[in-house]
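Student: Below: sequence and its predicted model.
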Number of protein chains: 2
Amino acid sequence: MRNEQRKVSVALGSRSYEVIIGTGLLASLGQRCKALDVGKKCVVLTDTHVGPRYADKAAAALKAAGFEPSIMMVPAGEAAKSLKVVARCYDGFAKQRLERKSLVVALGGGCVGDLAGFVAATYLRGLPFVQVPTTLLSQVDSSVGGKTGINIAAGKNLVGAFHQPRLVLCDVEALKTLADREYRAGVAEIIKYGIIKDPALFKKLEKSLPKILARDTAELLSVVTRCCEIKAEIVTADETENGERASLNFGHTLGHAIENTAGYGRYLHGEAISVGQVAAAYLSAKFTGLPDTEVERIRQLFLLAGLPVTYKTKPETRGRLFTAMQHDKKVSAGEIKFVLAKKLGEVVWGHKVVDADIHGALDFISG
Amino acid sequence: MRNEQRKVSVALGSRSYEVIIGTGLLASLGQRCKALDVGKKCVVLTDTHVGPRYADKAAAALKAAGFEPSIMMVPAGEAAKSLKVVARCYDGFAKQRLERKSLVVALGGGCVGDLAGFVAATYLRGLPFVQVPTTLLSQVDSSVGGKTGINIAAGKNLVGAFHQPRLVLCDVEALKTLADREYRAGVAEIIKYGIIKDPALFKKLEKSLPKILARDTAELLSVVTRCCEIKAEIVTADETENGERASLNFGHTLGHAIENTAGYGRYLHGEAISVGQVAAAYLSAKFTGLPDTEVERIRQLFLLAGLPVTYKTKPETRGRLFTAMQHDKKVSAGEIKFVLAKKLGEVVWGHKVVDADIHGALDFISG
């Protein structure tokens, strides 16, 4: 099993790149970056959790390949995704005298990737960047596809840019040391792929989830690769979310609102969209013909993954949640839109749901 | 002469748009924006100089066409191009509940356009925006081509994005009330087009500059249109500055450094690049064969426009200027690069110039 590798191509013309999924990949970071035709200067942007474990290794690999790397550390979690940290990164980049061809390496989970991607997208109007995701969620979802973003007081990811990475390195070995809660949060996005695009994956998860939760390497290689394939397919079809890419937001309308109103970090993203997907499944049964039995299968799979499927709210205290949903990027003409499933593996997006029905979904998940 | 119009197309595939140059254009803003297939909500982003004069007119035109406009006012000048103001705009956009199809209208000079464009590029990962430039400099240069940006302590425009407008409306009548100094600053960019691409324009300017300085409407329509044509041609050939677009930076390597080290606002951009172009002309004579007589013609034309052609520095106090040039976006592998002219109308870019020769150029402009 040593150094096994799989490849997924993201075909976007001049912005095409490869996602490598495997073991023992960090050592190859320098050589792989060298192949990208970038400058010598590079910054490894990481956080205070991941940095102490991997940053020196990453920098050493880059140095061995002729790069001049420096390491930049930001706070762990959503705290990093703020304009304040963005400003600090800009100043750090200027101090390091980064140039237009200098490389930014995002080493960490989804938050580091989102932040580093945004900073790379906007410094000197765009620097090349490489994603080295170290969490399950970032490996199966956020590192692929070029969405970058930060949070402002009014909402999560309200500020951002589309900026494709030049390479994504998913070392599944990094997942072995992940905290249990964070690992399970990543499973929520894996289940999502099953719901929106791949009933076979969903069925497989119903059987092999225990193996995945045990972080079996072969199982991880297989499932991370499959998720990256689905993500690549969707992003290739619709890079800037004018259509199908919206399907990836299944569970996210409510999920983002929960994250936002509960205070960032209170719910991990994966936890919030777990509840959000159960609510979306309920609405799918009501509006798009998803059988009740499938709603239950979905709920059970999240339960099996140890993810939250309830979020208690009283009708009279839901104002902030609705306000947050109004700020969702998917809102248009003031209407709150949901991604809903017609059946497992097939979703529709942009489905307008009125407040009364959203209350119904919130009642459903209030347990 | 009432409501005369000219059109310049910027051909960039799905990002193509038109530049309209004319008189009495503000009244048509609403109808023209309506044709863009955008949402109803829109923000007119303007500054404290331009806003009081034109914002209500713009908003009224938008309202009459069915839009729901709000007006957002930022400080005038480079002060607007800061992360602090960017953050305020994001919060304002969230408060207005802007959606992905909501329109941002930049009403003002280059600073407002750069700021509004950057905010539009990054809010919800990109909102449509329209440029309504009200200064000569923004009409002939910054409003066309999609470069947006803000300043950080280390340098001007170090942070930004490429984000093409959906429409540019250049009402030359707005130029009639422009302060004399700001008007002349715009002439510096017009002269630049002559040097880098159009010897006939340069020759014409040598004759008709007095008319232009008198803000003759017919002359303005002609020269603004010609500049937009040249800009459109260059941007179409090289949208993200991998080649020819760099030619637009003639005079800018030193110009930006002067703006930066003199303190923003001390020198207007047009004034700084006026001196910068004289220095670049000197270096062109030294390295790329520009005849000394042409260097003098260039210097004389800037003088005729009432623009600065000298910038006094002593060799021992040039450290900050060099540091600023090291931060220039055109730097690669640590080397300072200049755009140099082979002859009037033909330039080369990426020309490496060593410190000793930069000192020579600084001696030349020290008068």
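Tutor: Perfect, thanks for sending it. Numbers count the residues shown, from 1 in each chain, chains lettered A, B, ... in the order given.
Student: And the residue of the stretch 151-300 of chain A closest to chain B?
Tutor: Closest approach between the stretch 151-300 of chain A and chain B, counting by C-beta to the nearest C-beta: residue A:154, at 3.3 Å. All C-beta atoms are positioned from the backbone trio N, CA, C, and that covers glycine.
Student: How about the most centrally placed residue in chain A, nearest residue that isn't a chain neighbour?
Tutor: By C-alpha atoms, centre = their mean, the mean C-alpha position of chain A lies nearest to residue A:142, the distance being 2.8 Å. Nearest residue to residue A:142 in three dimensions, chain neighbours excluded: residue A:110, at 4.0 Å (C-beta to C-beta, 6 or more residues apart in numbering or on different chains).
Student: and the one you found, how many neighbours?
Tutor: Each residue near residue A:110 was counted by other C-beta atoms under 10 Å in any protein chain shown, and the total is 28.
Student: Equivalent analysis for the one 5 residues further on, please.
Tutor: A total of 28 residues lie near residue A:115 under the criterion other C-beta under 10 Å.
Student: mind listing what it touches?
Tutor: A:45, A:74, A:80-81, A:85-86, A:89, A:106, A:148, A:150 (C-beta atoms under 8 Å, 6 or more residues apart in numbering or on different chains).
Student: what helix or strand is it on?
Tutor: Element membership for residue A:115 (DSSP states H and E) is helix A:110-122.
Student: Any chance you could give me that helix in PDB, C-alpha atoms only?
Tutor: Output in PDB follows, covering the C-alpha atoms of helix A:110-122 (Å, rounded to 0.1, in the frame of the first residue of the first chain):
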ATOM      1  CA  GLY A 110     -10.800  23.800   4.200                       C
ATOM      2  CA  CYS A 111     -10.400  27.100   6.100                       C
ATOM      3  CA  VAL A 112      -6.700  27.400   5.200                       C
ATOM      4  CA  GLY A 113      -7.500  26.400   1.600                       C
ATOM      5  CA  ASP A 114     -10.300  29.000   1.300                       C
ATOM      6  CA  LEU A 115      -8.200  31.700   2.900                       C
ATOM      7  CA  ALA A 116      -4.900  30.900   1.000                       C
ATOM      8  CA  GLY A 117      -6.900  30.600  -2.200                       C
ATOM      9  CA  PHE A 118      -8.500  34.000  -1.800                       C
ATOM     10  CA  VAL A 119      -5.200  35.700  -0.900                       C
ATOM     11  CA  ALA A 120      -3.500  34.000  -3.900                       C
ATOM     12  CA  ALA A 121      -6.400  35.100  -6.100                       C
ATOM     13  CA  THR A 122      -6.100  38.700  -5.100                       C
END
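Student: which residues in the stretch 101-250 of chain A form strands?
Tutor: For the stretch 101-250 of chain A, strands defined by DSSP state E, counting those that start in this stretch occupy the ranges A:103-108, A:129-133, A:147-152, A:155-162, A:167-171.
Student: Neighbouring strands of the last one in the sheet, and parallel or not?
Tutor: Each strand that strand A:167-171 pairs with, and the sense of that pairing, follows from DSSP bridges: strand A:17-22 (parallel), strand A:129-133 (parallel).
Student: circling back to that earlier point, wait, which of the strands of the stretch 101-250 of chain A is closest to residue B:226?
Tutor: In terms of C-beta to C-beta, the element of the strands of the stretch 101-250 of chain A nearest to residue B:226 is strand A:155-162, at 33.5 Å.
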